[in-house]
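> 3D, please:
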Amino acid sequence: MKYIIITFLLLSTYLSVNGQKKQDFIPFINAQHEWVDSVYRKLNKNQRIAQLFMVRAHSNLGQAYSDSVGKVIKKEKLGGIVLFQGGPNGHADLINKYQQESKVHLLVALDGEWGLGMRMPDSTISYPFQMTLGAIQDESLIYQMGQEIAKDFKRLGLTINFAPVVDINNNPRNPVINFRSFGENKENVTSKAEAYMKGMMDEGIIVTLKHFPGHGDTDVDSHHDLPTLDFSTERLHDLEMYPFKKLIKKGAPGIMVAHMSIPSLDSTTNLPSSLSKPIVTDILKNELGFKGLTFTDAMDMQGVVKYFKGGEADVRAIIAGNDVLELSQNSKRAIKMVRKAIRNKRIDKKDIEARIKKVLAAKYWLGLDELKEVDTVNLYSDLHRPKAELLNQTLADNAITLLINGDPIRTLDPLKKTALISIGTNEISTFQKEMNKKYLNSLNFILPSMANAEDISNLINELMEYEQIIIALHDSRTRPGSVLNYNDAVKNFISLIAKESIVCSFANPYAISSLAGISRARSLLIGYQNDSTLQKAGAKVLLGEIQAKGKLPITINSFFKYGDGL
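Modelled structure (predicted):
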């Protein structure tokens with residue numbers, strides 16, 4: 001009977017790893033596995049510690065760079081890579097090369113908050129920003145998006161998505177989170193993140209919530225300096241930590257810890273949260289009960305290395321309780337210093353052994369006990385599935401938000417002489433092209449963000465002849481800001497003409513607060529970002545093909561508040 005039970009348990013574990021249905025991630029990585037113990041025994045002391053480190057990789061920086069990263073992986077036996085810019089085929093070749101050269105197959109991560117397009121915008125699908133998703137009322141669409149992103153990750157040989165962002169963005173001036181957040185409401189952020197998380201998890205990708213304990217209410221970018229979150233413990237637990245608490249209970253597999261000084265949680269001067277044992281171990285692991293993988297934010301950011309130089313930040317990150325360190329400035333130095341810290345009893349030997357085995361167990365759960373080469377045949381077409389492209393447009397159609405409809409859109413007449421003005425662009429926009437299909441008596445105008453007074457005066461004179469004016473506001477910056485990058489002359493023109501116009505904003509929603517008089521527009525449509533799918537969605541609303549269903553996920557000003565949407 002004992003033999004039968006043991007055989008059954010071994011078979012169950014095998015099926016969970018190698019079959020279609022896996023065991024739940026959290027209990028799996030915290031259980032003992034013979035494969036994990038076997039691999040651990042084969043690694044020397046340095047190689048074991050190396051499993052806790054992930055190095056940066058690009059496929060667009062030339063062969064010499066790629067080879068240098070490969071040498072580091074091979075020599076130091078690192079645990080994983082984080083992919084940045086490049087292309088699908090280049091990334092696939094890198095992954096295949098690095099996996100073949102690694103002693104233990106690598107964890108492969110990418111920041112894919114809006115899918116692979118976050119790092120490969122020219123060659124893969126970019127799904128909507130999270131703030132755009134925050135406007136969607138049908139969360140099953142966000143779950144489906146999570147599934148499709150996970151399928152893309154698996155097709156390219158990726159195993160971890162550093163997403164979703166669950167920071168609550170209640171500070172419009174936030175320079176680093178902002179449009180990357182689902183919005184300002186903690187329940188909305190949590191429910192949207194849960195849908196996204198479950199979609200990816202159900203397809204077998206490790207999800208990493210970020211940035212614990214919450215980076216939404218800062219006005220400093222931790223890439224460049226150490227922000228201070230100067231709030232009470234009660235406020236932090238009730239607001240910033242709320243999504244993390246809820247999603248830990250839903251089985252969140254990974255959490256990324258931010259680099260922020262938080263005096264109410266740890267009063268140590270200039271100590272980033274990522275290096276704080278009271279925050280990482282006492283609060284996240286013990287108080288909140290998180291048993292998944294704890295990742296640091298990038299260890300080469302100024303928010304962490306400004307006050308802890310020479311590898312000390314890496315040692316303190318381990319002491320704090322992190323399982324995986326992302327992008328150490330010097331992993332060879334860090335591994336050596338961690339070993340020294342173990343000898344000096346700054347780091348408990350049994351504790352770090354358990355963390356190393358947890359990382360190895362995650363690899364076993366992912367099927368990394370076997371080498372699976374990424375097939376580059378039909379890779380591009382596989383990453384542009386018609387179903388995924390259709391879903392992307394459906395997401396945009398459900399996000400578009402109507403804030404003003406004083407002069408009902410349905411009264412627009414495609415037979416009337418119509419001026420279609422795109423502002424902030426240098427070429428005919430997707431929005432204009434879509435409107436041109438039915439508005440045959442229309443003319444397209446382009447007004448650059450830095451247009452001069454003479455150009456604006458000429459445009460005003462021409463508009464006198466038109467019966468209908470439709471304005472599209474564009475922000476083509478990679479990181480669309482909370483203030484439009486238009487000069488004063490252009491902003492004054494918008495203020496002057498708004499009351500005579502239908503206005504569609506394809507920019508950061510916060511940005512319309514910088515436009516005086518925008519609240520007097522005949523109609524105002526929010527498209528959230530300068531993406532072709534959102535521009536098509538905006539045109540669909542004006543053409544009467546769809547209704548605007550989105551609700552504002554943030555408060556813009558006293559006129560336009562959270563939850564608004566007609």
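
> angles on the backbone of K71, please.
phi -70, psi -40 (degrees, to the nearest 10).

> flag the shaky bits of the protein, pLDDT-wise.
Low-confidence segments of the chain (pLDDT under 70): 1-21.

> for the residue most central in space within it, what are phi and psi?
When CA atoms, centre = their mean is applied to the chain, the residue found nearest the centroid is E113 (2.4 Å). With angles defined as degrees, to the nearest 10, E113 sits at phi -60, psi -40.

> strands along this protein, start to end?
Counting by DSSP state E, the chain has strands at residues 53-57, 80-83, 107-110, 160-161, 206-212, 254-257, 293-296, 325-326, 401-405, 418-423, 442-447, 468-474, 502-506, 523-526.

> want to throw the ones you listed into TSV with mean neighbour count and distance to Q100?
(Each C-beta comes from the backbone N, C-alpha and C, glycine too.) Shown next, in TSV, are the strands of the chain (neighbours: other CB atoms under 10 Å; distance: least, CB to CB, whole Å):
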stretch	mean neighbour count	distance to Q100
strand 53-57	23	14
strand 80-83	24	13
strand 107-110	24	13
strand 160-161	27	20
strand 206-212	26	22
strand 254-257	25	26
strand 293-296	27	24
strand 325-326	24	23
strand 401-405	22	48
strand 418-423	24	49
strand 442-447	18	51
strand 468-474	24	45
strand 502-506	27	44
strand 523-526	26	48
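
> dump those strands to TSV, plus distance to D282.
Output for the strands of the chain, formatted as TSV (distance: least, CB to CB, whole Å):
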stretch	distance to D282
strand 53-57	24
strand 80-83	26
strand 107-110	26
strand 160-161	25
strand 206-212	13
strand 254-257	13
strand 293-296	13
strand 325-326	19
strand 401-405	41
strand 418-423	51
strand 442-447	55
strand 468-474	47
strand 502-506	44
strand 523-526	42
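
> out of these, which comes closest to G311?
strand 325-326 (11.0 Å; CB to CB).

> sheet-wise, list the partners of that closest one with their directions.
As defined by DSSP bridges, the strand partners of strand 325-326 come to strand 53-57 (parallel).

> outside of the partner strand itself, list whatever touches it.
Taking contacts as CB atoms under 8 Å, 6 or more residues apart in numbering, the residues outside strand 53-57 that touch it are 66, 69, 72-73, 76, 78-84, 94, 98, 107, 109, 324-328, 331, 334-335.

> cool, stretch 34-41 as well?
48, 104, 353, 356-357, 360-361, 364, 369.

> relative to R410, how far out is S523?
Distance from S523 to R410, counting by CB to CB, to the nearest Å: 10 Å.

> filter the contacts of stretch 34-41 down to just the ones in helices.
48, 353, 356-357, 360-361, 364 (DSSP state H).

> Y380 reaches D122, doesn't it?
No: with contact defined as CB atoms under 8 Å, Y380 does not reach D122; the gap is 11.6 Å.

> the more surrounded of the two?
Y380 (12 against 8; other CB atoms under 10 Å).

> now do the contacts for the more buried one.
Here Y380 is in contact with 88-89, 123 (criterion: CB under 8 Å, 6+ apart).

> which one of those residues has the most neighbours?
Result: P88 is most packed of the contacts of Y380 (other CB under 10 Å), 22 neighbours.

> so what's the residue nearest to the centre of the chain closest to, chain neighbours aside?
Leaving aside its chain neighbours, E113 sits nearest to A163 (4.4 Å; criterion: CB to CB, 6 or more residues apart in numbering).

> and the one you found, what does it touch?
111-113, 196, 200, 207-208, 210.

> again with Q51
So Q51 contacts 43, 77-79, 104, 356, 359-360 (CB under 8 Å, 6+ apart).

> switch to 10 Å and redo it
39-40, 43, 77-80, 103-104, 106-107, 323-324, 355-360, 362-363 (CB atoms under 10 Å, 6 or more residues apart in numbering).

> which residue, other than its chain neighbours, is closest to it?
Nearest non-adjacent residue to Q51 (CB to CB, 6+ apart): G79, at 3.8 Å.

> let me see the contact set for that neighbour.
47-55, 73, 102, 104-107, 323-325, 331, 356, 359-360, 362-363 are the contacts of G79 under CB under 10 Å, 6+ apart.

> let's see that with 8 Å instead.
50-54, 104, 106-107, 324, 359.

> export the residues you listed to a markdown table and tack on distance to D475?
Listed next are these as a markdown table, based on distance: CB to CB, whole Å:
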| residue | distance to D475 |
| --- | --- |
| A50 | 43 |
| Q51 | 42 |
| L52 | 40 |
| F53 | 37 |
| M54 | 33 |
| V104 | 44 |
| L106 | 37 |
| L107 | 35 |
| V324 | 35 |
| V359 | 40 |
